[in-house]
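S.K.: let me see the structure of the following:
(one chain, ligands or ions: 1)
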Amino acid sequence: MQSLSLLSVSVVIVLAVSYSDAFTRNDFPKDFLFGAATSAYQWEGAVDEDGRTPSVWDTFSHSDNKKGDGNIACDGYHKYQEDVKLMAEMGLEAFRFSISWTRLIPNGRGPVNPKGLKFYKNLIKELRSHGIEPHVTLYHYDLPQALEDEYGGWINRKIIEDFTSFADVCFREFGEDVKLWTTINEANIFAIGAYSEGFLPPGHCSTNTFVNCSTGNSSTEPYIAGHNLLLAHASASKLYRLKYKSKQRGSIGFSIYAYGLSPYTNSTDDEIAFQRAKDFLFGWMLKPLVYGEYPDVMKKTLGSRLPVFSEEETEQVKGSSDFFGIIHYMTVYVTNSKPSPSLPPSNREFFTDMGVDTIFIGNSSFFGWDAIPWGFEGVLEYLKQSYNNPPLYILENGLPMEHDSALQDTPRVEYIQAYIGAMLNAIKNGSDTRGYFVWSMIDLYELLAEYKNSFGLYYVNFSDPGLKRSPKLSASWYSGFLKGTVDVASQDITQSQSNFSGSSSL
Ligand code: BGC
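M.R.: As a prediction, the model looks like this:
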């Protein structure tokens with residue numbers, strides 16, 4: 001299996017590209033939103049308080065070989081006021097967070113938990129009172145365990161109805177104050193990681209060399225889950241448009257994980273592999289949402305393993321996303337992988353189906369990777385050209401570093417600055433990108449790395465019972481950028497470094 005794992009380390013090819021070296025917040029439209037992000041299980045903690053029940057992520061984090069869990073995480077459930085204050089001090093314009101389904105509806109369907117409801121109402125009120133726009137994700141890896149146990153979660157069509165009812169509660173209860181909704185977090189990598197490779201919750205896969213899954217079928221489940229994710233999104237979106245949109249005036253989007261992609265050589269084989277990678281990684285979800293059908297190459301390669309939309313479903317899915325949420329961290333070269341005709345369909349998984357090998361660009365390790373801003377600009381340009389220039393929100397972008405490394409996180413500042421510059425170039429070239437969120441607002445329980453590495457603008461001392469937060473250089477830089485005191489030029493990082501006190505406030 002060729003792994004396109006988020007963790008892999010590979011060949012090193014360094015490209016020197018310089019990116020927009022002089023810009024300020026004012027170069028972006030006034031209504032553009034700059035923010036930072038978290039997700040419920042990674043930030044809230046308080047997993048068994050006030051009626052919350054386990055999600056598949058709780059179960060997954062307690063399975064063998066995992067060294068940490070989100071039981072306490074940053075304790076955002078109790079410390080949300082403190083954190084909103086930090087956001088306000090930083091000058092954040094928006095905050096992206098997700099709603100824990102099992103905090104709001106503990107059994108997955110049925111009665112709403114008043115304490116869960118109160119928590120999210122308070123959080124949203126707190127954000128609004130500081131002028132911070134909430135951007136809410138409904139599903140971020142945390143399916144109610146009860147629904148997984150009852151019918152297998154995302155691989156059963158019953159999920160569509162339960163997800164829609166959960167969304168209904170969220171729109172009804174929070175929709176007066178929430179104008180930006182993302183239904184599903186990075187649906188493509190979720191379907192791949194959770195149902196083909198088994199490294200994301202709920203951890204399904206056929207037996208493979210890397211992960212020991214107790215259940216799953218990598219040759220069919222990723223496509224079934226992907227199909228149900230699209231249908232669940234479309235159903236929630238239809239409901240929003242029929243019942244809430246005219247009063248609440250919000251928008252609803254779907255998000256995907258978007259690698260930057262580039263052919264490894266200029267051979268015809270690699271060019272074809274590049275097209276195939278775009279179809280499998282982007283087109284799988286975006287083509288149905290924009291054009292109402294799966295890419296031809298997927299239909300041809302997968303045959304009956306790819307579910308089919310009925311006519312009615314096609315109509316419902318097509319056009320169901322007001323914007324796309326883009327999650328971008330890195331760029332890879334793609335090269336044609338040698339076909340393995342002997343591999344029967346039942347032994348295939350997403351990457352053998354895609355038939356592409358990937359090679360990381362630049363230095364890449366578990367604790368970080370090189371900034372490849374041209375790869376990001378390429379993604380935005382590709383989306384503009386191939387998908388009718390859809391409105392985009394960059395819902396996650398950031399750099400992991402070893403958790404206890406210095407508060408002077410200069411590589412992170414360089415990374416974020418380069419990517420904001422690349423985004424500005426894309427906007428100047430016509431991309432309809434409307435917002436950008438750094439992952440993450442604060443050090444979190446990490447999806448792949450637990451507490452070993454972190455992406456936060458704020459450091460959290462996880463060994464301190466008080467979970468003290470301290471700003472990193474990146475928080476200070478981002479704050480300066482948002483408040484207009486940072487005029488980005490290379491010497492400004494040095495200036496930010498010398499201005500940065502490393503004390504407990506900005
Ligand atoms: C996920 C986050 C995760 C981050 C860093 C994203 O793809 O949405 O939950 O923490 O990657 O690995």
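
S.K.: need the residues of the protein near the ligand, please.
M.R.: Proximity of the chain to the ligand, by C-beta under 6 Å from any ligand atom, involves residues 39, 185, 186, 257, 327, 396, 439, 446, 447, 448. Every C-beta, even on glycine, is put in place using the N, C-alpha and C of the backbone.

S.K.: and the residue of this protein closest to the ligand?
M.R.: In the chain, no residue comes nearer to the ligand than residue 447, which is 3.7 Å away by C-beta to the nearest ligand atom.

S.K.: contact partners for that residue?
M.R.: Residues in contact with residue 447, defined by C-beta atoms under 8 Å, 6 or more residues apart in numbering, are 42, 141, 200.

S.K.: ditto for residue 334
M.R.: 261, 262, 263, 264, 270, 273, 274, 277, 356, 357, 358, 359.

S.K.: just residue 290 next, same as before
M.R.: Applying C-beta under 8 Å, 6+ apart, we find residue 290 in contact with 318, 319, 387, 388, 390.

S.K.: show me where the stretch 351-500 of the chain has helices.
M.R.: Taking DSSP state H, counting those that start in this stretch to define them, one finds helices in the stretch 351-500 of the chain at 373-386, 410-428, 473-483, 490-499.

S.K.: turn those helices into TSV, including mean pLDDT.
M.R.: Formatted as TSV, these follow (pLDDT from 0 to 100):
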stretch	mean pLDDT
helix 373-386	98
helix 410-428	97
helix 473-483	97
helix 490-499	70
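
S.K.: need the ones you listed in JSON lines with mean neighbour count, can you?
M.R.: Compiled in JSON lines, the helices of the stretch 351-500 of the chain are given as follows (neighbours: other C-beta atoms under 10 Å):
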{"stretch": "helix 373-386", "mean neighbour count": "20"}
{"stretch": "helix 410-428", "mean neighbour count": "22"}
{"stretch": "helix 473-483", "mean neighbour count": "23"}
{"stretch": "helix 490-499", "mean neighbour count": "14"}
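
S.K.: which of the ones you listed sits closest to residue 73?
M.R.: Nearest to residue 73, of all those, is helix 473-483, at 18.8 Å by C-beta to C-beta.

S.K.: circling back to that earlier point, out of the contacts of residue 290, who's nearest residue 311?
M.R.: Among the contacts of residue 290, and counting by C-beta to C-beta, the member closest to residue 311 is residue 318, at 10.8 Å.

S.K.: residues in contact with that closest one?
M.R.: 288, 289, 290, 291, 292.

S.K.: could you do residue 27 as well?
M.R.: residue 424.

S.K.: now the residues of the chain next to the ligand: which count as buried?
M.R.: Among these, those classed as buried by 16 or more other C-beta atoms under 10 Å are 39, 185, 186, 257, 327, 396, 439, 446, 447.

S.K.: my guess is residue 133 meets residue 127, correct?
M.R.: Yes: the pair formed by residue 133 and residue 127 meets the contact definition of C-beta atoms under 8 Å, at 7.5 Å.

S.K.: among the two, which residue is more densely surrounded?
M.R.: Set residue 133 next to residue 127 and count neighbours by other C-beta atoms under 10 Å: residue 127 wins out with 24 against 18.

S.K.: which element is the closest residue to residue 106 other than its chain neighbours on?
M.R.: Using C-beta to C-beta, 6 or more residues apart in numbering and skipping the chain neighbours, the partner closest in space to residue 106 is residue 53 (4.4 Å). Per DSSP states H and E, residue 53 falls between elements, in no helix or strand.

S.K.: just the pLDDT at residue 53, thanks.
M.R.: On pLDDT, residue 53 comes in at 98.

S.K.: wait, it touches residue 147, no?
M.R.: No: using C-beta under 8 Å, residue 53 is not in contact with residue 147; the gap is 10.8 Å.

S.K.: neighbour count winner among these two?
M.R.: Of the pair residue 53 and residue 147, residue 147 is the one with more neighbours under other C-beta under 10 Å, namely 24 against 19.

S.K.: below-threshold pLDDT in the chain: ranges please.
M.R.: Along the chain, segments meeting pLDDT under 70 span 1-21, 208-209, 339-341, 489-492.

S.K.: try it again at 90.
M.R.: Applying pLDDT under 90 to the chain picks out residues 1-22, 64-67, 207-212, 337-347, 360-368, 404-406, 485-506.

S.K.: centroid-wise, who is the farthest residue in it?
M.R.: When distances are taken from the C-alpha mean of the chain, residue 342 lies farthest, 35.3 Å away, according to C-alpha atoms, centre = their mean.

S.K.: what sits against that one?
M.R.: Here residue 342 is in contact with no residue (C-beta under 8 Å, 6+ apart).
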